[in-house]
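[1] coordinates for the following, if possible.
(2 chains)
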Amino acid sequence: DGGITQSPKYLFRKEGQNVTLSCEQNLNHDAMYWYRQDPGQGLRLIYYSQIVNDFQKGDIAEGYSVSREKKESFPLTVTSAQKNPTAFYLCASSGTSGGLYNEQFFGPGTRLTVL
Amino acid sequence: AQSVTQLDSQVPVFEEAPVELRCNYSSSVSVYLFWYVQYPNQGLQLLLKYLSGSTLVKGINGFEAEFNKSQTSFHLRKPSVHISDTAEYFCAVSKAVVSGGYNKLIFGAGTRLAVHP
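    Here you go, the predicted structure:
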């Protein structure tokens, strides 16, 4: 079955540590996205990538980094510079065809807790 | 820039009753509109979308929404809810693009629908 997988589902981190969240898709999508979800705030875009080896900052990129070395993979690193990293992180992907709209498909999410 | 306001943070309703979740948007350009559903500790699933054409949009699970350009609204409705509809619902807007462009999604804060027996 095609889809997006995120791992781990739950992640605990000590303050001052970097941590990397995994996102893999087998939908053959060119574009991938990372969102952060906090209670009462909806989803906010961290980074996105429309093609391999290229990515752009979203609205809240500070304290995060990404890489896009393969089409299928878009890992997110939460660095120690992120002041309030406890949140639910969602990865998404979409095609980039010439139609009106390219639907974003979401993974199941990773809940990160900083202890 | 676009923005989205979901007017209710929580909506309690009894099973088999009708429900409306309200969404207003702001934009100076044409937009696409979406409703997503999120079950606890899961990702988002697209319920329905408005891109163009008929202003009444039907989605999955018996939901529908109506695009009202003059009132800049896109309210979600279901005539009879089930316990299984209990979830968080997000309204989102994207600037309409001509072809193949990047559709950045702007999300509302969400509405938690609680269906009671």
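
[2] tell me the residues of chain B that contact chain A?
    Contact residues, chain B versus chain A (CB under 8 Å from any CB of the partner chain): B:4, B:9, B:32, B:36, B:41-46, B:49, B:51-52, B:90, B:94, B:96-97, B:99-100, B:102-105, B:107-110. Quick note: C-beta positions are derived from backbone N, CA and C, even for glycine.

[3] now the strands: where do they sit in chain B?
    Assigned by DSSP state E, the strands in chain B fall at B:3-6, B:10-14, B:19-21, B:23-26, B:31-38, B:44-50, B:56-58, B:64-68, B:73-78, B:87-95, B:106-107, B:111-116.

[4] run the chain-centre distance for the shortest one.
    Using CA atoms, centre = their mean, to the nearest Å, the distance from the centre of strand B:106-107 to the centre of the chain it belongs to is 11 Å.

[5] partner strands of it, parallel or antiparallel?
    strand B:87-95 (antiparallel) (DSSP bridges).

[6] now the strand it pairs with against strand B:111-116, angle please.
    Counting by axes from the mean of the first three to the mean of the last three CA atoms, to 10 degrees, strand B:87-95 lies at 150 degrees to strand B:111-116.

[7] CA atoms only for strand B:87-95, dumped as PDB, please.
    Provided in PDB are the C-alpha atoms of strand B:87-95 (Å, rounded to 0.1, in the frame of the first residue of the first chain):
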ATOM      1  CA  ALA B  87     -12.500  14.200  16.000                       C
ATOM      2  CA  GLU B  88     -10.800  17.500  15.400                       C
ATOM      3  CA  TYR B  89     -11.700  19.300  12.200                       C
ATOM      4  CA  PHE B  90      -9.400  21.800  10.400                       C
ATOM      5  CA  CYS B  91     -10.400  24.300   7.800                       C
ATOM      6  CA  ALA B  92      -7.600  25.400   5.500                       C
ATOM      7  CA  VAL B  93      -7.100  27.800   2.600                       C
ATOM      8  CA  SER B  94      -4.600  28.000  -0.200                       C
ATOM      9  CA  LYS B  95      -4.000  30.700  -2.800                       C
END
